[in-house]
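>>> Next comes the sequence, and after it the predicted model I'd like to discuss.
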Amino acid sequence: MKPTNDNIDVFRRTLLSWWQGNARDFPWRHNRTPYRTAIAELMLRRTRAEQVVPVYNAYMEANPTLEDASQSAIDTTEALLYPLGLRWRAQNMTDFVRDARSRYGSDLPTSIDELKSLPGVGEYVSAAIACFAGDQSVALIDTNVARLLGRVFGLPVTGEARRRADVKRLAERCVPDLNPGEYHYAILDFGALICTARRPKCTSCPIAQYCNFAAKG
DNA sequence: TTCCTGCGGT
DNA sequence: ACCGCCGGAA
């Protein structure tokens, strides 16, 4: 369907209605402080959410606060993060928590500009913290979201769709003023469970009747 | 083989 | 704009 305001509203309502019965539950979706959200987001990039759960729980048990995290040795962190791959993340997370602790004390900011100045924090992670911990209506655009919006509204999704201006504008228009966190959990869950990269489950998709991609078969 | 709530260096 | 990172699951 075309990305008109009315269609975007239909999309949001259908998505949230589906989410009511299909929400995934993750530990970082509870008690959403900036610190807990940031650690989760750093672990989640290019990594499946289910895979992150045990590592996140272990990390939080070892480092309940930002101050604890800033004092933990890099070797300990490296061992904890090993199952997630991307081993440079151990150094990165260590730099992040130490820098954050020294600059902001006991808790992190939720402004995107301040967050982005921290090591390892870019477009996506800063927006995620601002949204989930700060309740700000900013757009989260990962490969999942870009693919899903592209399919539904008929924009090309090849290559680096995330960075394209039209995809970004569409994503921003879709974010609701109220409860942006729930909306983004819904769209992430929908991308992971229904609108998958390969073999999307169009036959059980509540949006298929409106969707440009499903219509094409 | 591809893909996973990306980022930083070039 | 492009590329490497990386273990694990599908």
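That came in fine, so what should we check first? Numbering: from 1, shown residues only, chains lettered A, B, ... in the order given.
>>> Ramachandran angles for the residue most central in space within chain A?
Of all residues in chain A, the one closest to the mean position by C-alpha atoms, centre = their mean is residue A:128, 5.6 Å from it. With angles defined as degrees, to the nearest 10, residue A:128 sits at phi -60, psi -40.
>>> Surely it and residue A:37 touch.
Yes: the pair residue A:128 / residue A:37 is scored as a contact, 6.8 Å apart, by C-beta atoms under 8 Å. For glycine as for every other residue, the C-beta is placed from the backbone atoms N, C-alpha and C.
>>> how near is residue A:208 to residue A:151?
Distance check for residue A:208 against residue A:151: by C-beta to C-beta, to the nearest Å, it reads 10 Å.
>>> More neighbours: which of the two?
Comparing residue A:208 with residue A:151 by other C-beta atoms under 10 Å, the one with more neighbours is residue A:151, at 21 against 17.
>>> buried sites along the helix or strand where the more buried one lies?
Using DSSP states H and E, residue A:151 maps to helix A:143-153. Using 16 or more other C-beta atoms under 10 Å as the test for burial, helix A:143-153 gives A:144-153.
>>> May I ask which helix or strand of chain A has the lowest mean pLDDT?
Every helix and strand of chain A was ranked by mean pLDDT, DSSP states H and E. The lowest is helix A:212-215, at a mean of 83.
>>> Enumerate the positions of that one that are buried.
By neighbour count on 16+ other C-beta under 10 Å, the buried set for helix A:212-215 is A:213-214.
>>> List the contacts of residue A:73.
For residue A:73, the contact set (C-beta atoms under 8 Å, 6 or more residues apart in numbering) is empty.
>>> Tell me the spacing between it and residue A:63.
In terms of C-beta to C-beta, residue A:73 sits 11 Å off from residue A:63.
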